[in-house]
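[1] Give me a 3D structure for the following:
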Amino acid sequence: MLITAADIAQILSDWGDTVTHRTVLATFDPDTQAVAEVVTDLELPAIVSTCESRQAPDTAGRAQLVERVFRFAAGSVPELPPLAVQRLVHDGHEYDVVEEDHHSSTDLVRLVGRLRA
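    Residues are numbered from 1 along each chain as shown. Modelled structure (predicted):
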């Protein structure tokens, strides 16, 4: 059975949650040695997984990595300008996007977010 854009829109409407997609472009001022961030936020519906926690490598179990998967309709996630990074804000927490892929059979974009320390 083929999943249509209308199906995806209905799924996001029924079970989705609002997530802020944050595009961040850092600029460096060599005179002051300061880094400034230019932030652009966009509210998008997404299917959000539960958090998964695992030990961070090379920390002897003293640090945890907390990750969450966010699924968006293809075409809703903006393209990044050169040198920009993307972050996601959900439920008061900010995540760095560490992985992205597009599933052509479902027309969903999958972003893996790692909780910022």
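
[2] how near is residue 54 to residue 64?
    7 Å (CB to CB, to the nearest Å). For the C-beta atoms, the positions are set from N, CA and C on the backbone; glycine is no exception.

[3] who's the residue nearest the centre of the chain bridged to?
    Residue closest to the average C-alpha location in the chain (CA atoms, centre = their mean): residue 88, at 4.1 Å. For residue 88, the beta-bridge partners under DSSP bridges are residue 21, residue 95.

[4] Looking at residue 54 and residue 64, which has the bigger crowd around it?
    Applying other CB atoms under 10 Å to residue 54 and residue 64 shows that residue 64 carries more neighbours, namely 12 against 9.

[5] quick one: the more buried one and residue 56 touch, right?
    Yes - with contacts counted by CB atoms under 8 Å, residue 64 reaches residue 56, the gap being 6.3 Å.

[6] Report the contact partners of the nearest residue in space to residue 116 that is not next to it in sequence.
    Leaving out its chain neighbours, the residue that sits closest to residue 116 by CB to CB, 6 or more residues apart in numbering is residue 94, at 4.8 Å. Shown in contact with residue 94 (CB atoms under 8 Å, 6 or more residues apart in numbering): 22, 87-88, 115-116.

[7] List only buried entries from these.
    Neighbour-count burial (16 or more other CB atoms under 10 Å) applied to the contacts of residue 94 gives 22, 87-88.
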